[in-house]
Each structure stands twice: as structure tokens, then as C-alpha cells.
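In: for reference, the sequence and a predicted model appear below.
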Amino acid sequence: MLIYEDESYAIRGAIFEVYHQLGAGFLESVYQECLEREFLTKGIPFVSQPQLDLFYKGEKLKQFYKSDFVYLTALL
């Protein structure tokens, strides 16, 4: 059982739409841009490629994690 079933369904639908339109073989950056456009079209709230801090034993690392997308549940 998914916690955010409706949201997950909408996100998967956007992913499948991009794949349906483009098919396989493009660089990730092309899919990233297309998926951003699809999210905007479908009204899916997101942040693209945010820099997320990492911690080890309570101390912030110099390194960071860069996610492709973060879904913004706070905007719902």
C-alpha cells in the first residue's frame, strides 16, 4: 500500500507520457527537461535537482546529494 497513491499514480503517468513521446535512446538531461514540462502541465508540484545536505554522525559533510526531482507535498 502506498502512502501517496494518487500522487504516485500522477507521477508515473507523467513518466510514461514522456517515454511514450520520446522512446529510448536520449541522454538523461533530455528526459529531465521533458519530465519537468510534463510535471508543470499536470500541476505536479516539484523542485528540480535540489542540492540536499548530507550528515555523518551529526556533522554536515562537504559532499551533497543532488536528486533528480523532489515532490513538494507541502504545496498540496
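Out: It's in.
In: quick one: contacts for residue 52?
Out: Going by Cβ atoms under 8 Å, 6 or more residues apart in numbering, residue 52 touches 64, 65, 66, 67, 70. Placement of C-beta: from N, CA and C, glycine included.
In: that one should be in a strand, yeah?
Out: Yes: when DSSP: H, G, I helix; E, B strand; the rest coil is applied, residue 52 is found to be in a strand.
In: give me the pLDDT value at it.
Out: Per-residue pLDDT puts residue 52 at 95.
In: tell me the spacing between it and residue 71.
Out: Per Cβ to Cβ, to the nearest Å, residue 52 is found 13 Å from residue 71.
In: what's the single longest helix in this protein?
Out: Identified as the longest helix of the chain according to DSSP state H is helix 5-22.
In: return the alpha-carbon coordinates of it using PDB.
Out: Provided in PDB are the C-alpha atoms of helix 5-22 (Å, rounded to 0.1, in the frame of the first residue of the first chain):
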ATOM      1  CA  GLU A   5      -1.200   6.600  -4.000                       C
ATOM      2  CA  ASP A   6      -2.800   9.400  -6.100                       C
ATOM      3  CA  GLU A   7       0.400  11.400  -6.300                       C
ATOM      4  CA  SER A   8       2.400   8.300  -7.300                       C
ATOM      5  CA  TYR A   9      -0.100   7.500 -10.000                       C
ATOM      6  CA  ALA A  10       0.200  11.000 -11.400                       C
ATOM      7  CA  ILE A  11       4.000  10.900 -11.400                       C
ATOM      8  CA  ARG A  12       4.100   7.500 -13.000                       C
ATOM      9  CA  GLY A  13       1.700   8.800 -15.600                       C
ATOM     10  CA  ALA A  14       4.000  11.700 -16.400                       C
ATOM     11  CA  ILE A  15       7.000   9.400 -16.700                       C
ATOM     12  CA  PHE A  16       5.100   7.000 -19.100                       C
ATOM     13  CA  GLU A  17       3.900  10.000 -21.200                       C
ATOM     14  CA  VAL A  18       7.500  11.200 -21.700                       C
ATOM     15  CA  TYR A  19       8.600   7.700 -22.600                       C
ATOM     16  CA  HIS A  20       5.700   7.300 -25.000                       C
ATOM     17  CA  GLN A  21       6.600  10.600 -26.700                       C
ATOM     18  CA  LEU A  22      10.400  10.100 -26.900                       C
END
